[in-house]
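K.L.:
I'd like to go over a predicted model; first the sequence, then the structure.
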Amino acid sequence: GQWCTRVPLICFGTVEWHLPDRCLRQFGREQCIPFEVPASQRAFHGRDGRQGTRDWPTKLQEFIAIWENRQLQDIVTPNQVGRMGYHDPYLDRYRQTSVRYMTPEGAADGALVDGVERIKDITTGRNDLGNEDVGYIR
């Protein structure tokens, strides 16, 4: 549907990106790693149009071209079935790039889960660290 199209929304001199690939799970879709908006395309975020040029079609032609070809920008993912696994590529990236916990208690719970998952990885050979403790853990 239209809600799943990754496009710039344009209002005079303001460009705001519609980024559905960041919240697909809310709509029952399989979550992919979202694409980053190139720095050159973030330049018009938050402009109010009271300064400078009023020749928006020329100034914003890059964004208008993306909008006019919006059918090419659809995010297509299958429906989410079950829960995401601990090592789903999206969750691995999320753990590396995000602030995960709001409270010390949440951080303690998360550290426990992460520790159990690391032990599971080591004992199943998923992450062989090559040190002498691995044999003992196994």
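P.N.:
Right, received. Where do you want to start? Remember, it's a predicted structure, so these values are computed and weren't measured experimentally. Residues are numbered from 1 along each chain as shown.

K.L.:
what packs against the biggest helix by length in the chain?
P.N.:
Counting by DSSP state H, the longest helix found in the chain is helix 104-123. Where contact means 3 or more C-beta pairs under 8 Å, 6 or more residues apart in numbering; DSSP states H and E, helix 104-123 is packed against helix 132-137. The way it works is simple: take the backbone N, C-alpha and C, and place the C-beta from them, glycine included.

K.L.:
SS state for residue 76?
P.N.:
Recorded secondary structure, residue 76: coil (DSSP: H, G, I helix; E, B strand; the rest coil).

K.L.:
give the contact list for the residue nearest to residue 76 when sequence neighbours are not counted.
P.N.:
Leaving aside its sequence neighbours, residue 76 sits nearest to residue 4 (C-beta to C-beta, 6 or more residues apart in numbering; 7.5 Å). Residue 4 makes contact with 20, 24, 27, 29, 74-76, according to C-beta atoms under 8 Å, 6 or more residues apart in numbering.

K.L.:
Please apply the same query to residue 69.
P.N.:
Taking C-beta under 8 Å, 6+ apart, one finds nothing in contact with residue 69.

K.L.:
centre of the chain versus stretch 67-76, how much separation?
P.N.:
Computed by C-alpha atoms, centre = their mean, to the nearest Å, the chain-centroid distance of stretch 67-76 equals 18 Å.

K.L.:
returning to that earlier point: may I see the buried residues of the longest helix of the chain?
P.N.:
By 16 or more other C-beta atoms under 10 Å, the buried positions in helix 104-123 come out as residue 122.

K.L.:
just for this protein, where's the confidence low?
P.N.:
1-2, 40, 42-53, 126-138 (pLDDT under 70).

K.L.:
Taking the centroid of it, which residue is nearest it?
P.N.:
residue 34 (3.5 Å; C-alpha atoms, centre = their mean).

K.L.:
What number of neighbouring residues does residue 32 come out with?
P.N.:
Per other C-beta atoms under 10 Å, the neighbour tally for residue 32 reads 14.
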